[in-house]
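Enquirer: how does the following fold in three dimensions:
(2 chains)
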Protein chains: 2
Amino acid sequence: MAAQKSAQQPAPNTTRRSERSRRAIYDAALALVGEVGYPRTTIEGIAARAGVGKQTIYRWWSSKADVLLEAFLDLSEQASREAGPEYEFAIPDTGDLAADLKAVLRLTVDQLKDPRFEVPARALAAEGVVNEELGRVCMTKLLEPSLLLYVDRVRAAQEAGQVRQEVDPRIALELWVSPLAQRWLQYTGPITYEYTDTLVDYALYGIAPHAR
Amino acid sequence: MAAQKSAQQPAPNTTRRSERSRRAIYDAALALVGEVGYPRTTIEGIAARAGVGKQTIYRWWSSKADVLLEAFLDLSEQASREAGPEYEFAIPDTGDLAADLKAVLRLTVDQLKDPRFEVPARALAAEGVVNEELGRVCMTKLLEPSLLLYVDRVRAAQEAGQVRQEVDPRIALELWVSPLAQRWLQYTGPITYEYTDTLVDYALYGIAPHAR
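Expert: I've put the predicted structure just below:
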């Protein structure tokens, strides 16, 4: 794939111009959806705001949902890069599951409160609640890939004997991901590092008394 | 309070007519918000659909948010009554915390999948994600009262020695409430009895190996 891409690579100036347009389109799409909501966001509106022709957008994407999904993926990749290389495609594995989960969740707390992310993400999430098709696409393309990083980390902990063998990692991760998501979506409580640390402790050790 | 209400009670025919109007207004408000969404729902639209004058609505409620919140409260009360008297203002306490939580969550699964509830509740929840004021009102008036029933049940379990003393009941309940909420809001996975049963087991006993 890389070789093929390289063979078809356009002249440097074209690439640079394309990259600039792509970035402008992402920025415009995120800003617009945050301001007017998903239903009133249009390809025309994104194009006008980005200073590109409508055809430039249609050359790369087939719908406004596509543009927005890629804009969010790009934003998440930026956030992961800023957090450090160890967070880029995985959840760190220092051998201490609780510490690793707490560290990642603290970064998520920061991201949820970052207005660059929060405003457009709320607009997309709101539409996903009433528009099942969009909701499922957001799940598949945006949420699931990050949930699978937790699945991998919990599996590694199972191999290390730190999580019970019979636990389903795909459900286990919801013990810390979902409470934070619901506080963000429905204002069910304050979002702090102390809170996400507590979730991890409860999820790992349960709320029932420990066997003696 | 009951005596005072009785002294002011209007003639039976008026009461019956008022009750019929109130019910028609709730039904109209829920149907309308499910069909056109929260922003396009209006007091005028609710009145027209319910076959009452706008003034009838304004006599009892000050805004469309008020009408909708009471319509949802009424719907929840109906669901609790249908589930049985032991669910009406509390979570049953049979002495077995896991069994009690599983029973209540199975009822919640049924409610989330009931179209009478699901369609309007999605419309309100979606608006709450992008409209912080409405989101916080929904939290205070609709969500928090049912969350507090879990707080009471977890406190009783703490007194019975079934939950550790240092656990915060308000956070603990999110281990089973929030994963279900997120699956409903964001399609993060199927909603089944087996799933909610599993959440309760993980929440109580944790995912880490038990002490031997």
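Enquirer: now whichever residue of chain A sits closest to chain B. Nearest residue, chain neighbours left out?
Expert: Closest to chain B within chain A is residue A:206: 3.2 Å, counting by C-beta to the nearest C-beta. C-beta here means a position set from N, CA and C on the backbone, and glycine is covered the same way. Excluding the flanking residues, the one nearest residue A:206 by C-beta to C-beta, 6 or more residues apart in numbering or on different chains is residue B:206, at 3.2 Å.
Enquirer: thinking that neighbour is in contact with residue A:205, fair?
Expert: Yes - between residue B:206 and residue A:205 there is a contact at 4.3 Å, judged by C-beta atoms under 8 Å.
Enquirer: so between the two, which is more surrounded?
Expert: residue B:206 (24 against 18; other C-beta atoms under 10 Å in any protein chain shown).
Enquirer: shaky segments in chain A?
Expert: Along chain A, segments meeting pLDDT under 70 span A:1-12, A:211-212.
Enquirer: got a list of what residue A:22 touches?
Expert: When contacts are counted by C-beta atoms under 8 Å, 6 or more residues apart in numbering or on different chains, residue A:22 touches residue A:60.
Enquirer: any idea how far residue A:204 is from residue A:161?
Expert: 13 Å (C-beta to C-beta, to the nearest Å).
Enquirer: and if you look at residue A:200?
Expert: For residue A:200, the distance to residue A:161 - C-beta to C-beta - is 18 Å.
Enquirer: the two: who's more crowded?
Expert: Relative neighbour count places residue A:200 above the other of residue A:200 and residue A:161, with 20 against 10, counting by other C-beta under 10 Å.
Enquirer: surely the residue of chain A closest to chain B touches residue B:200?
Expert: No - the pair residue A:206 / residue B:200 is not scored as a contact, 10.5 Å apart, by C-beta under 8 Å.
Enquirer: quick check: next helix or strand after the lengthiest helix in chain A?
Expert: Ranked by residue count and defined by DSSP state H, the top helix of chain A is helix A:12-36. Using DSSP states H and E, the helix or strand that follows helix A:12-36 in sequence is helix A:43-50.
Enquirer: so what touches that next one?
Expert: Contacts to helix A:43-50, defined as C-beta under 8 Å, 6+ apart, come from residues A:21, A:24-25, A:27-29, A:31-32, A:36, A:53-54, A:56-58, A:63-64, A:67.
Enquirer: how does it look with 10 Å?
Expert: For helix A:43-50, contacts defined as C-beta atoms under 10 Å, 6 or more residues apart in numbering or on different chains pick out A:20-33, A:35-36, A:42, A:52-58, A:61-64, A:66-68, A:71.
Enquirer: which of these count as buried?
Expert: Neighbour counting over the contacts of helix A:43-50 (16 or more other C-beta atoms under 10 Å in any protein chain shown) leaves A:21-22, A:24-33, A:52, A:56-57, A:61, A:64, A:66-68, A:71 as the buried ones.
Enquirer: that older thread, any residues in contact with both of residue A:206 and residue B:200?
Expert: residue B:175.
Enquirer: hmm, back to that, give me the common contacts of residue A:204 and residue A:161.
Expert: With C-beta under 10 Å, 6+ apart, residue A:204 and residue A:161 have common neighbours B:208-209.
Enquirer: which residue sits closest to residue A:165, ignoring its sequence neighbours?
Expert: For residue A:165, ignoring the flanking residues on the chain, the nearest one in space by C-beta to C-beta, 6+ apart is residue A:158 at 6.0 Å.
Enquirer: residue A:120: neighbour count?
Expert: 23.
Enquirer: err, residue A:194, not the other one
Expert: 7.
Enquirer: how about the helices in chain A?
Expert: Taking DSSP H as the test, the helices found in chain A are A:2-7, A:12-36, A:43-50, A:54-60, A:64-83, A:97-113, A:115-130, A:132-138, A:144-159, A:169-172, A:174-186, A:193-205.
Enquirer: ok, residue A:164 - contacts?
Expert: Taking C-beta under 10 Å, 6+ apart, one finds A:157-158, A:172, B:202, B:205-210 in contact with residue A:164.
Enquirer: give me the phi and psi angles of it.
Expert: phi -60, psi 140 (degrees, to the nearest 10).
Enquirer: try residue A:41
Expert: phi -80, psi 130.
Enquirer: quick check: the gap between it and residue A:34.
Expert: Distance from residue A:41 to residue A:34, by C-beta to C-beta: 9 Å.
Enquirer: can you check residue A:97 too?
Expert: From residue A:97 to residue A:34 the distance is 35 Å (C-beta to C-beta).
Enquirer: picking up where we left off before, any chance of TSV for the contacts of residue A:164, columns distance to residue A:15?
Expert: Output for these, formatted as TSV (distance: C-beta to C-beta, whole Å):
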residue	distance to residue A:15
A:157	42
A:158	44
A:172	43
B:202	49
B:205	55
B:206	51
B:207	47
B:208	50
B:209	53
B:210	57
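Enquirer: are any of those residues buried, and if so which?
Expert: By 16+ other C-beta under 10 Å, the contacts of residue A:164 give A:157-158, A:172, B:202, B:205-208 as buried.
Enquirer: from the residues you listed, which is closest to residue A:141?
Expert: Residue A:141 has its nearest neighbour among the buried ones among the contacts of residue A:164 in residue A:172, at 22.7 Å by C-beta to C-beta.
Enquirer: ok now do that closest one, which residues does it touch?
Expert: Contacts of residue A:172 (C-beta under 10 Å, 6+ apart): A:150-151, A:154, A:157-158, A:163-164, A:203-204, B:179, B:198-199, B:202, B:206-207.
Enquirer: change it to 7 Å
Expert: For residue A:172, the contact set (C-beta atoms under 7 Å, 6 or more residues apart in numbering or on different chains) comprises A:154, A:203, B:202, B:207.
Enquirer: closest to residue A:132 among the residues you listed?
Expert: Lowest distance from residue A:132 to the contacts of residue A:172 (C-beta to C-beta) belongs to residue B:202, with 27.3 Å.
Enquirer: burial of residue A:107, as a residue count?
Expert: Per other C-beta under 10 Å, the neighbour tally for residue A:107 reads 16.
Enquirer: which ones are touching it?
Expert: Counting by C-beta under 7 Å, 6+ apart, residue A:107 makes contact with A:83, A:87.
Enquirer: tally of neighbours for the closest residue to residue A:112 other than its chain neighbours?
Expert: Nearest residue to residue A:112, sequence neighbours excluded (C-beta to C-beta, 6+ apart): residue A:184, at 5.0 Å. When counting by other C-beta under 10 Å, one arrives at 19 neighbours for residue A:184.
Enquirer: and if you look at residue A:169?
Expert: Using other C-beta under 10 Å, the number of residues around residue A:169 comes to 19.
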